[in-house]
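Asker: Here is the input, now give the coordinates:
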Amino acid sequence: MEMDEYLTKQAKMIDNEIATYLRKKPSERYIEKLLGRANYKYDPEAIGKSILEPSWYIFNLGGKRWRPILTLLFIEAFGKDPDEYVEFSIIPEVIHNGTLVHDDIEDGSETRRNAPAVHIKYGIDIATNLADFMYFFPALALTRSAKLSEEVKNRALASYVENLTRVTLGQGTDIAWHRGLVDVETINEEKYLQMAIDKTGVLSRFACELAGIIAGQDDKTVRAVGHFGASIGLAFQLKDDLMNITEGKVAQSKGGVGDDISEGKITLIVIRALKKLPGMDKKRLLQILAMHTKDRKLINEAISIIETTDAKAYAEQMQNEILSKAWAAVDKILKPSEAKEKIKALTDFLVTRSR
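Answerer: Next up, the predicted model:
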């Protein structure tokens, strides 16, 4: 089975599991089962309109669901039956979609996957509250579980809190950069990689750490597979950065060509280009980034300036080196199995994809 086909099949299973926790049509009984008896009386219609409907709006926009799939594959690779733990695999996916809602608000993005962003369709108030809900709601799958011991729950929640905190630090760093709160000249490669791994890599880190914890692995092993997951997330971000410059020149959606230029994003590609460009070109690129322009002519000018350097090739090389080192470490930990082969295939797919 091709990886794309495998992901599509697994994504349907993941969505079905999400639907058991996030009903599409709420009732007072459902809400009480979720949160306990009301002190007075819940309003299912209000909760449905402000939480459940916009939740399913963003879920239905798509996504490969590769983070929960990664959790299940690692659980299997560690010798456990993944079918027993599907409800826990959805945790990083729900959080991830919450980060997308916040990200679109903070970046001023009007579209997400060729559709209106949540805050455009439902309003900033509903979108902001929804993203907060998606950060915290998945913890119920852990705390309410009868399958997991208290020790496993505590370890999983510790990972949950640390990684979710890192998401906000990474996002805050990114915001400070593209709002010009920090001198661009001080942003180097190491700072970018840390920002990207915190903003994007930690949820795949959490997905893998969660698998290790559920499978009863020791802290050293959990950290190792977590590092692998973070590296996949980082490589995924580098691929997105590359696609934003090189792919789909007719795309106008979030993640389409030039969005990073329009938002004034400081990516590894930009950092490398600034390092290599002569004075006038460097100054011009910085000017366009500071404009936060949606003018296609200016965006294309910035891309053309970047393309006079080795920035794209450098980012691709960095992506491959990060994944190679990460896989070498996890390769020593996992015993040969079909699940291990799928993890490797999934890793390769994520960084060779064209969308």
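
Asker: separation between the spatially closest residue to residue 42 that is not a sequence neighbour and residue 233?
Answerer: Leaving aside its chain neighbours, residue 42 sits nearest to residue 31 (4.7 Å; criterion: CB to CB, 6 or more residues apart in numbering). C-beta: built from backbone N, CA, C; applies to glycine. Distance, residue 31 to residue 233, using CB to CB, to the nearest Å: 33 Å.

Asker: what about the residue lying farthest from the centre of the chain, is that helix, strand or coil?
Answerer: Centroid-distance maximum for the chain: residue 40 at 37.5 Å, with CA atoms, centre = their mean. Following DSSP: H, G, I helix; E, B strand; the rest coil, the label given to residue 40 is coil.

Asker: What are the buried residues along the host helix or strand of residue 342?
Answerer: Using DSSP states H and E, the element containing residue 342 is helix 338-352. Within helix 338-352, the residues that qualify as buried are 339-340, 342-343, 346-347, 349-351, counting by 16 or more other CB atoms under 10 Å.

Asker: Go through these and say which is closest to residue 119.
Answerer: The nearest member of the buried residues of helix 338-352 to residue 119, counting by CB to CB, is residue 350 at 27.5 Å.

Asker: Quickly note the distance from that closest one to residue 233.
Answerer: For residue 350, the distance to residue 233 - CB to CB - is 9 Å.

Asker: Show me where the stretch 101-250 of the chain has its strands.
Answerer: 111-112, 115-116 (DSSP state E, counting those that start in this stretch).

Asker: Comparing those, which stretch has the densest surroundings?
Answerer: Comparing those by mean neighbour count (mean count of other CB atoms under 10 Å), strand 111-112 ranks first with a mean of 20.

Asker: For the stretch 101-250 of the chain, give me the ranges with low pLDDT.
Answerer: Residue ranges of the stretch 101-250 of the chain with pLDDT under 70: 247-250.

Asker: ok, 50 please
Answerer: Scanning the stretch 101-250 of the chain with the threshold set as pLDDT under 50 gives 248-250.

Asker: quick one: the helices in it?
Answerer: Listed in chain order, the helices of the stretch 101-250 of the chain (DSSP state H, counting those that start in this stretch) span 118-122, 124-136, 139-143, 150-178, 189-196, 202-214, 219-246.

Asker: For the residue farthest from the centre of the chain, what are phi and psi?
Answerer: phi -130, psi -80 (degrees, to the nearest 10).

Asker: related to what we said a few turns ago, find the helix or strand that the residue nearest to residue 42 is a member of.
Answerer: With DSSP H and E as criterion, residue 31 is part of helix 28-35.

Asker: can you pull the buried residues of that helix?
Answerer: Buried residues in helix 28-35, defined by neighbour count with 16+ other CB under 10 Å: 30-31, 34.

Asker: For residue 205, state which of those residues is nearest.
Answerer: residue 34 (27.5 Å).

Asker: who are the neighbours in contact with that closest one?
Answerer: 21, 140 (CB atoms under 8 Å, 6 or more residues apart in numbering).
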